[in-house]
Every structure is written in structure tokens, then in C-alpha cells.
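Asks: one predicted model, sequence on top.
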Amino acid sequence: FYYINGERSERAAVLELGDPTLSLFGQQINNGLTQYEFSCPGACSSTVLEQDSVTVLAEYLHMHQTGVRMTNEVIRDNEIVHKSKADVFEFDQQGAFRVQQEPFEVKPGDAFRTSCYYKDGADFGLSSQEEMCIAYVMYYPAKVSGNYPWMCPYGLGIPVCSQELGRFDLEDAQGLDRVFGASNEECAMTDPTTSNDTVGDGETSSSARAGANTVFFITLIGTSFLYLAFGL
């Protein structure tokens, strides 16, 4: 915990997207796989940011027990320039999923699209047995819209900063559009025993063999540590 005697030159704030005020309270989610898509128009960031951009420090994606996937996208000139996601959302483990990413900029005119996917969803509500769809975007410097912090919620009818909602029933898991890891590629690997350290007609030198043994030993120790620390 850190504190200073004076006020910092810049304040951070949290932009809430999706349905942070629970305007969908009490509405039932269909059985099967469903998608709720909230869209915040670019006119909102144009009005609030004017000529300035802001830097996003962190994003948290929040649903409850029937949520299975969630994304939050930044759209600029009709192109997705940033996408945060929890491809497999597990409420008991995550609650609010912090996206692993580097800081990035949001510019005037950028739009947002927040999508929540559910399986056999419950009603929207406050309890863990009910559902939510909220993206928390921590950014700086803090911006206001009128006398209120910058937000773009669904259902409040805030001029310019009001989200539209699309609801879709998905036929199967393919509709979740999950992506695990990177695309299929062959990793370039170098065999340490066949490096430039050779003697005579292809015989590996003792230094190269020692280097290979060291790499193997470090790998073995690291793997053992992971098994002990995380029960893998």
C-alpha cells in the first residue's frame, strides 16, 4: 500500500461496459448456448475524450456461474484494434477475470463491443446464482461526462453513451468462437549437441556436451518445481 501527501497529477478511473447497472435484472437467459452483445458507439468516446486519448492499464471481465466465455473489443474505423477475452470462463476460479495484456490506448471515436456467452443461463441479478455481464476497464487520465464518471451502460439512456444489445441463440459450441493459443506453427528449435562446437569429423566437443547436460538439468529441475508447487 502506497500513499502520498499531495494529489497526483493524473487520476485513474474505471470505465464500465456491458450491463453494469443491471438493467436486465430479472430477465431470463435462454437454455442452451446464448450470446449477449453490448455495443457502445464511437460517438461516446468522441464526446468524452474530445481530442485526447487514454491509456488502459487493466481489464476485468465479470460474469457468474453460467458464463462460459467473455470478450471485450475496441473497434476503430470498423476494425477490431484490441480484443480482450476469457476463452474459458470459470466463475468458481475467476469471478472477475483479469486479462493478461500490455497497456494500450483508447482514442476518440473508438467503439466498444462487450460479449458474454452463457450455457443454460439463469436470470440476470445480483446473486452468484444469477447472471451479470460487465467489463471493467481501468484507465488514465480519468474522464467525466457531465458531472459523472465516464461510463457507457446499457438501458440508462445516457445521451450518446448508451449501448445497444443483441441477443443470439447459438447452435453449438462452434458458435462460441473460442481460440486456444496461437495458430499452428512449427517452432524453430536448435539441437545444442549439434552446434558449432564440434571437433574433427563431427565429434561433439566436451564443452558442447556440458552445455547440453546443463540445459537438460535446468529443465528437469524446473519441471520438478512446477510439479511440487502447483501439483501438475
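Replies: Right, received. Where do you want to start?
Asks: lowest average confidence across helices and strands of this protein, where is it?
Replies: When the helices and strands of the chain are scored by mean pLDDT, DSSP states H and E, helix 206-230 comes last with a mean of 40.
Asks: buried set for stretch 135-150?
Replies: Across stretch 135-150, burial judged by 16 or more other Cβ atoms under 10 Å covers Ala135, Tyr136, Val137, Met138, Tyr139, Lys143, Ser145, Trp150. Placement of C-beta: from N, CA and C, glycine included.
Asks: wait, I meant stretch 120-128
Replies: In stretch 120-128, counting by 16+ other Cβ under 10 Å, buried: Gly121, Ala122, Phe124, Gly125.
Asks: ok, residues contacting that stretch?
Replies: Around stretch 120-128, the neighbours that count as contacts under Cβ atoms under 8 Å, 6 or more residues apart in numbering are 19, 22, 24-32, 34, 64-66, 91, 129-132.
Asks: rerun at 10 Å
Replies: 19, 22-34, 36, 63-68, 91-92, 95, 129-133 (Cβ atoms under 10 Å, 6 or more residues apart in numbering).
Asks: in helices, which of the residues you listed fall?
Replies: Cross-referencing the contacts of stretch 120-128 against helices under DSSP state H gives Phe91, Asp92.
Asks: between the two ends of stretch 151-163, how far is it?
Replies: 10 Å (Cα to Cα, to the nearest Å).
Asks: quick thing: my sequence starts at 8, can you match it?
Replies: With 8 as the first residue, the last one maps to stretch 158-170.
Asks: now that stretch, how far from the centre of its chain.
Replies: Remark: stretch 158-170 is offset 22 Å from the chain centroid, using Cα atoms, centre = their mean, to the nearest Å.
Asks: check which residues of it are buried.
Replies: Judged by neighbour count (16+ other Cβ under 10 Å), stretch 158-170 contains these buried residues: Met158, Cys159, Pro160, Tyr161, Gly162, Cys168, Ser169, Gln170.
Asks: in the chain, which spans are strands?
Replies: 20-25, 40-47, 61-69, 74-83, 86-93, 103-105, 111-113, 118-126, 141-147, 151-152, 155-156, 171-177, 205-206, 210-211 (DSSP state E).
Asks: adding distance to Thr54, write those out as TSV.
Replies: Below are those laid out as TSV (distance: least, Cβ to Cβ, whole Å):
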stretch	distance to Thr54
strand 20-25	14
strand 40-47	12
strand 61-69	14
strand 74-83	16
strand 86-93	19
strand 103-105	28
strand 111-113	13
strand 118-126	12
strand 141-147	16
strand 151-152	7
strand 155-156	13
strand 171-177	17
strand 205-206	67
strand 210-211	67
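Asks: deepest-packed of those, please.
Replies: Stretch with highest mean neighbour count among the strands of the chain: strand 118-126 (a mean of 24; mean count of other Cβ atoms under 10 Å).
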